[in-house]
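A.B. asks: Take this sequence and fold it.
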Amino acid sequence: MGIISWIVLGLLAGAVAKLLLPGRDPGGFIGTTVIGIAGAFIGGWISARYLDRPITNHFYDGATWTAAIGGSLVLLVGYRILFGHSRR
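C.D. replies: From the prediction side, this is the model:
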């Protein structure tokens, strides 16, 4: 998959992560979008590097989506923990 595919996957993974973890985010829509894209990249890298599950070249592969959504969820939770109290 190319870089554009990973960005699109990250946008969609960020939206899915937001659906799975509803609530108010400190960064709003833009922050959640950036977290989704970064989560897709990080999730794919961790999956290929440490879990011995290389990301295939197919956009519709389940492992690719699981890694991207998992990475987005982890980053979204971490972002909420670090910056969630700054808007109160």
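A.B. asks: Show me what secondary structure element comes after the helix or strand hosting Lys18.
C.D. replies: Secondary structure assignment for Lys18, by DSSP states H and E: helix 3-20. Sequence order places helix 28-49 as the next helix or strand after helix 3-20, per DSSP H and E.
A.B. asks: list the helices and strands the helix or strand following that following helix packs on?
C.D. replies: Later in the chain than helix 28-49, the nearest helix or strand by DSSP H and E is helix 62-83. Using 3 or more C-beta pairs under 8 Å, 6 or more residues apart in numbering; DSSP states H and E as the contact test, the elements touching helix 62-83 are helix 3-20, helix 28-49. Glycine gets a C-beta too; all of them are placed from N, C-alpha and C.
A.B. asks: List just the one of those helices that sits closest to Leu73.
C.D. replies: With C-beta to C-beta, the closest approach to Leu73 among the helices and strands packed on helix 62-83 belongs to helix 3-20: 4.8 Å.
A.B. asks: thinking in terms of the whole chain, how far from its middle is the helix holding Lys18?
C.D. replies: 6 Å (C-alpha atoms, centre = their mean, to the nearest Å).
A.B. asks: Can I get the helices and strands packed on helix 62-83 in JSON lines including mean pLDDT and mean neighbour count?
C.D. replies: Shown next, in JSON lines, are the helices and strands packed on helix 62-83 (pLDDT from 0 to 100; neighbours: other C-beta atoms under 10 Å):
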{"stretch": "helix 3-20", "mean pLDDT": "82", "mean neighbour count": "18"}
{"stretch": "helix 28-49", "mean pLDDT": "80", "mean neighbour count": "19"}
